[in-house]
Structures are given as C-alpha cells and as structure tokens.
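> attaching a predicted model along with its sequence, questions to come.
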Amino acid sequence: MQATYALEDRRVLGRAPRSGVLDLDPRTIMGVLLAASVVAFMSKSLTVELGLVLGVALLQALTGHVRMALAFAGGYAVLWAVLNLVFPHVGGVAATMFTISFTFSRKIFLCLMVGSLLVAECSVHRLTAALERLRVPQVVLIPLTVTMRYFPALKDEMAHIRAAMRHFLPVLPQFLCCRICPQPVKILVPGNGKNPGFYRAASPKPPNP
C-alpha cells in the first residue's frame with residue numbers, strides 16, 4: 001500500500017525527465033523560496049550576497065535551466081555595475097529615483113531567481129498537488145490555482161498580439177495613407193436605353209452644425 005502511495009506521489013508531483021542532474025520536488029523549491037524571502041532583506045555583505053546568487057544560479061543549472069542561470073548571473077553583474085559604477089557619478093532627482101528602484105531590485109533579486117525556477121519547474125497541476133500535500137486549506141488553494149491558470153492564457157494572448165503586429169507593421173504606412181488621404185467614392189449612375197450608365201464622384205457630406 002505504501003509503495004502504491006509513493007508511486008502515486010511520483011506520478012502527481014513528478015515530471016518528464018530533463019537534461020538536468022537534479023529533479024526537485026515543488027515543496028523543496030517553495031522551501032528555498034521561503035528561505036530566500038527571509039534572507040532577502042537581512043543585512044549581509046557583498047560576498048555573502050554574491051555567494052547566494054551563485055548558489056541559486058548553480059541550482060538552476062543543475063535542474064537543466066542553464067540559460068536561465070547565465071541570464072540571472074549576467075543580470076546581477078549588470079545591476080551591481082550600474083549601482084556602484086554608474087549612479088555614483090550621476091546626480092539629480094532622476095538618478096536618486098533610479099538608485100532606489102535598482103537597490104530594491106537587488107534586494108529581491110534572489111527571490112526573483114528562485115521564483116523563476118519554481119515557475120519553470122512546476123506546472124499548475126504539480127504545484128496544486130504539492131500544496132495539497134502541505135495541507136493548505138481549500139479556501140486558499142482554489143483561488144490561488146484559478147489565479148495561476150490565467151498566466152498561460154496571458155502568455156498565449158501576448159504571443160497572438162506579437163504575431164498580429166508582425167503582420168500589421170508592413171502594411172501600416174499604407175493604412176495610415178488611406179486614413180489620412182482617403183480615395184474618392186464613386187457612385188454608379190444607371191443609364192437608360194440610349195445612354196449607358198457611368199460613375200461619378202460622390203459629393204462629400206456637409207459637416208454637422
């Protein structure tokens with residue numbers, strides 16, 4: 001019986017094997033995310049922060065998301081360079097505002113890394129099954145599941161919009177020309193037995209008073 005339950009857990013919480021070395025359970029990634037949220041706003045040195053970022057990047061690489069790990073490592077390097085090499089030499093209110101925004105982004109960068117790993121590794125079904133194993137109440141689980149199912153729909157809608165824009169942009173100049181300089185409308189004047197019909201330009205409507 002226990003073997004049957006273990007097989008059921010692997011089927012519900014498992015996924016198709018990837019190229020990564022590790023195959024993490026969603027509950028493990030949620031635990032890492034909780035720990036990252038606690039550590040994010042704690043006072044820590046640059047060495048500790050860099051070690052944490054590299055550790056999560058290594059975890060991403062070991063689960064098969066090498067491009068994600070490289071992108072986040074490069075993003076952290078750019079963020080640190082902007083905060084420490086660019087903004088100290090730029091003055092003004094705008095620089096202060098950007099400094100605050102970039103500093104906050106650096107604070108939550110670790111949470112963003114683990115959250116991206118959770119989204120990439122866990123489907124809605126796997127995450128729901130993991131939350132059920134954690135005894136999460138249905139009052140919380142059902143709205144969370146419904147909300148998470150909107151994200152794939154939004155992704156599909158964005159893909160459709162980008163595809164439509166790719167088809168629309170080549171004809172945009174012609175469309176604008178037709179809207180700005182409309183072609184005259186022709187009306188067919190029927191003829192009789194002696195004179196054939198002909199087209200004439202329609203007179204524009206007078207503007208409304």
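Received the coordinates, thanks.
> list the contacts of the one helix or strand residue 166 maps to.
In this structure, residue 166 sits in helix 150-168 according to DSSP states H and E. Residues from elsewhere that reach helix 150-168 (Cβ atoms under 8 Å, 6 or more residues apart in numbering): residue 124. Backbone N, C-alpha and C define where each C-beta goes, glycine included.
> and for stretch 137-149?
Stretch 137-149 is contacted by residues 124, 127-128, 131-132 when judged by Cβ under 8 Å, 6+ apart.
> next: stretch 52-62.
By Cβ under 8 Å, 6+ apart, the list of residues contacting stretch 52-62 from outside reads 20-22, 32, 36, 39, 44, 66, 68-70, 72-73, 76, 109-110, 113-114, 116-117.
> and if you look at stretch 118-130?
Contacts for stretch 118-130 (Cβ under 8 Å, 6+ apart): 12-13, 15, 24-27, 29-30, 33, 63, 65, 68, 141, 145, 148-149, 152.
> without its sequence neighbours, what residue ends up closest to residue 116?
residue 68 (6.3 Å; Cβ to Cβ, 6 or more residues apart in numbering).
> now the element after the helix or strand hosting the one you found, going C-ward?
Using DSSP H and E, residue 68 sits in helix 66-81. Downstream of helix 66-81, the first helix or strand assigned by DSSP H and E is helix 93-107.
> and the angle for that next one with helix 66-81?
Using axes from the mean of the first three to the mean of the last three Cα atoms, to 10 degrees, the inter-axis angle of helix 93-107 relative to helix 66-81 is 140 degrees.
> what is helix 93-107 packed up against?
Using 3 or more Cβ pairs under 8 Å, 6 or more residues apart in numbering; DSSP states H and E as the contact criterion, the elements in contact with helix 93-107 are helix 66-81.
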